[in-house]
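Asks: let me see the structure of the following:
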Amino acid sequence: MSAAKITTSVIRQRKETGKKITMLTAYDFSMAKLLDDSGIDMLLVGDSLGNVILGYDSTLPVTMEDMIHHTRAVSRGAQKAMVVADMPFMSYQVSVEDALRNAGRLMKEAGAQAVKLEGGREVRAAVEAIVQAGIPVIGHLGLTPQAVHSLGGFKVQGKSREDAKKILEDAKILEESGVFAIILECVPALLAEKITHSLAIPIIGIGAGAQCDGQVLVTHDLLGIYSGFSPKFVKKFADLHSSVTEAILGYKTQVENGTFPGPEHSFPIDSEILERLY
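Replies: Take a look at the predicted model:
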């Protein structure tokens, strides 16, 4: 008998019980199954797949077709965890009708249980329409990567009184609009704590301190798959870049010196059969 699926009710209850919410990114079946088997509550099919999987330098080129393709794979690997799909850039900003249609596609065609979109008061109408259609929505405030150019780059948000006030107000607007949780990215820890205590819905932090109701990270960052720049808020729980590189170099060496494959990796055949071939 399979374990019960994590639902929006379970996530909301975590706010009341104080049990932290765990959320990680997943972009394919194999990683989704690993994370699901490990008991992670929520799998985020982030548009960060543009950077992590597709090699773009931002999330802006990611399309609805990209998101549907990867969300389908993750949905097949998640038996218990809730699958949340990002709405990519320009899939909800043009019109409420577009937002509703595209949110519906992520649910119907890709198997997501919820969608996430970036922004506060400017996306209120879109959030309300999606929620009214019965689609659970997660908001995203603070550093919103789809707005990287208008924000002036990837940097901490909410450090001035004016900016901090706007983020707090936007969080309350999103709550009033019906989102069941908010991701707060790259904001001062004390601001995140104030927002967490001010709202009745869960706040999930990334670079927002330990007082949020849960945490989310990009799984590839957590596993140390990359050797280059890593944001300050990332903690590497493993160094897979070194481990994987060592394994690949071992394979290369053994192929080149003829020690792989060995007899234990090969299939036998009766010598008489070979002799009759000539």
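Asks: which positions within the helix or strand of the chain with the lowest mean pLDDT qualify as buried?
Replies: Using mean pLDDT, DSSP states H and E, the weakest-scoring helix or strand in the chain turns out to be helix 148-151, at a mean of 86. Buried residues in helix 148-151, counting neighbours by 16 or more other CB atoms under 10 Å, are found at Val148. For glycine as for every other residue, the C-beta is placed from the backbone atoms N, C-alpha and C.
Asks: what's whichever helix or strand comes after that helix packed up against?
Replies: Sequence order places helix 161-177 as the next helix or strand after helix 148-151, per DSSP states H and E. The helices and strands touching helix 161-177, judged by 3 or more CB pairs under 8 Å, 6 or more residues apart in numbering; DSSP states H and E, are helix 124-132, strand 137-142, strand 181-185, helix 189-198.
Asks: same list, these, but as JSON lines with distance to Ser150, mean neighbour count and mean pLDDT please.
Replies: Shown next, in JSON lines, are the helices and strands packed on helix 161-177 (distance: least, CB to CB, whole Å; neighbours: other CB atoms under 10 Å; pLDDT from 0 to 100):
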{"stretch": "helix 124-132", "distance to Ser150": "18", "mean neighbour count": "19", "mean pLDDT": "98"}
{"stretch": "strand 137-142", "distance to Ser150": "14", "mean neighbour count": "27", "mean pLDDT": "98"}
{"stretch": "strand 181-185", "distance to Ser150": "15", "mean neighbour count": "27", "mean pLDDT": "98"}
{"stretch": "helix 189-198", "distance to Ser150": "20", "mean neighbour count": "18", "mean pLDDT": "98"}
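Asks: distance to Ala164 added to the ones you listed, as JSON lines?
Replies: Shown next, in JSON lines, are the helices and strands packed on helix 161-177 (distance: least, CB to CB, whole Å):
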{"stretch": "helix 124-132", "distance to Ala164": "20"}
{"stretch": "strand 137-142", "distance to Ala164": "10"}
{"stretch": "strand 181-185", "distance to Ala164": "12"}
{"stretch": "helix 189-198", "distance to Ala164": "5"}
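Asks: this structure: strands as residue ranges?
Replies: 21-25, 42-45, 82-86, 114-118, 137-142, 181-185, 203-206, 214-217 (DSSP state E).
Asks: so what are the sheet partners of the fifth one and their directions?
Replies: Right, the one you point to is strand 137-142. strand 114-118 (parallel), strand 181-185 (parallel) (DSSP bridges).
Asks: thank you, goodbye.
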